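> Dropping the sequence and predicted coords here.
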Amino acid sequence: MNVDQSVLVLGATGGQGGAVVSALLSHGAAVRGLVRNPRSAAARGLAARGVEVVAGDLMDRESLASAMRGAAGVFAMTTPFESGPAAEIAQGRTILAAARHARVPHLVFSSVAGADQDTGVPHFETKAVIERELAADEVPYTILGPTYFFDNALGGEDRIRQGVLDLPLPPDRPLQQLARPDLGEFAAAVFAAPDAFAGQRIELAGDAPTPDDMAAALSTAVGAPVRHHEVQLDEIGNADMRAMWTFLRGPGYRVDLPALHAAHPDLHWTSFAGWAEDTFATTP
């Protein structure tokens with residue numbers, strides 16, 4: 001990576017983009033962050049950390065191409081959760097068209113583990129479409145496929161503090177998971193040596209605790225007993241989430257954790273217990 005060039009991070013104020021920004025900054029890289037509203041508090045916070053903040057929209061090719069011009073690389077992700085699956089595919093196509101137009105040297109696309117498994121999960125299948133089009137294009141790329149994020153548990157933080165971990169899995173079923181900062185560190189490693197990762201699709205997981213393991217770790221972190229409650233699939237109202245948990249109860253992710261960790265020994269892989277201790281020690 002040319003240290004004189006910035007890495008552009010799309011969604012720089014979000015969970016994934018923010019983790020990539022932090023990792024790049026920690027390694028001394030220059031960072032350009034794409035945001036929808038440069039005047040927002042989150043955007044001003046990025047600027048205060050030395051990030052070059054640029055305005056843009058994932059559906060606007062010209063704003064993306066302008067932001068990408070001259071960048072050493074681009075970190076990109078898409079989402080169906082604001083405007084639907086068709087919009088996510090459109091975002092991916094717009095990003096790819098902009099990257100081609102701006103002659104981006106390397107595009108890192110954050111997809112999802114299992115997107116290549118014909119899962120039938122809507123937000124996996126939309127990313128699979130984008131992956132296929134990216135692989136068929138001329139833009140140099142690396143695809144990262146994170147598994148379930150540890151901090152998804154924070155959606156039920158109040159329940160956890162009341163002593164219950166709600167999870168639609170049997171108590172002894174391992175769930176491969178990842179800390180967002182570990183995704184950020186892996187992306188930074190790709191940008192540091194893009195040729196070594198070119199054309200690769202790499203799925204990422206740091207740990208694979210069962211719900212019982214998670215409840216035990218949370219009990220230690222919270223300082224009070226936490227038990228796992230197995231939510232039933234028919235209790236999940238969102239069809240996309242119900243499809244995801246059906247997949248996770250069935251075939252599930254298939255990251256070879258020992259091989260992944262052995263192949264990247266310089267990277268720190270966070271355990272669920274470590275994440276829980278750090279997270280609940282710093283939140284009220």
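Thanks, I have the structure now. Numbers count the residues shown, from 1 in each chain.

> Which residue, other than its chain neighbours, is closest to residue 271?
Once flanking residues are discounted, residue 271 sits nearest to residue 207: 4.9 Å by C-beta to C-beta, 6 or more residues apart in numbering. Backbone N, C-alpha and C define where each C-beta goes, glycine included.

> and residue 209, which of the three is it?
coil (DSSP: H, G, I helix; E, B strand; the rest coil).

> so it touches residue 173, yeah?
No - counting by C-beta atoms under 8 Å, residue 209 sits too far from residue 173 to count as a contact (10.1 Å).

> Those two: who's more crowded?
residue 209 (19 against 16; other C-beta atoms under 10 Å).

> Count the neighbours of the spatially closest residue to that one that is not a sequence neighbour for me.
Sequence neighbours aside, residue 272 is the residue nearest to residue 209 in space, at 4.5 Å (criterion: C-beta to C-beta, 6+ apart). Counted with other C-beta under 10 Å, residues neighbouring residue 272 total 24.

> Tell me the helix or strand right after the helix or strand hosting residue 33.
Under the criterion of DSSP states H and E, residue 33 resides in strand 30-35. Using DSSP H and E, the next helix or strand after strand 30-35 towards the C-terminus is helix 41-48.

> Pull the distance from that following helix to the chain's centre.
Taking C-alpha atoms, centre = their mean, to the nearest Å, the mean C-alpha location of helix 41-48 is offset from the chain mean by 21 Å.

> Over to stretch 86-104?
On C-alpha atoms, centre = their mean, the centre of stretch 86-104 falls 18 Å from that of its chain.

> cool, and stretch 113-130?
14 Å.

> First-to-last residue distance for it?
By C-alpha to C-alpha, to the nearest Å, the extent of stretch 113-130 from end to end equals 14 Å.
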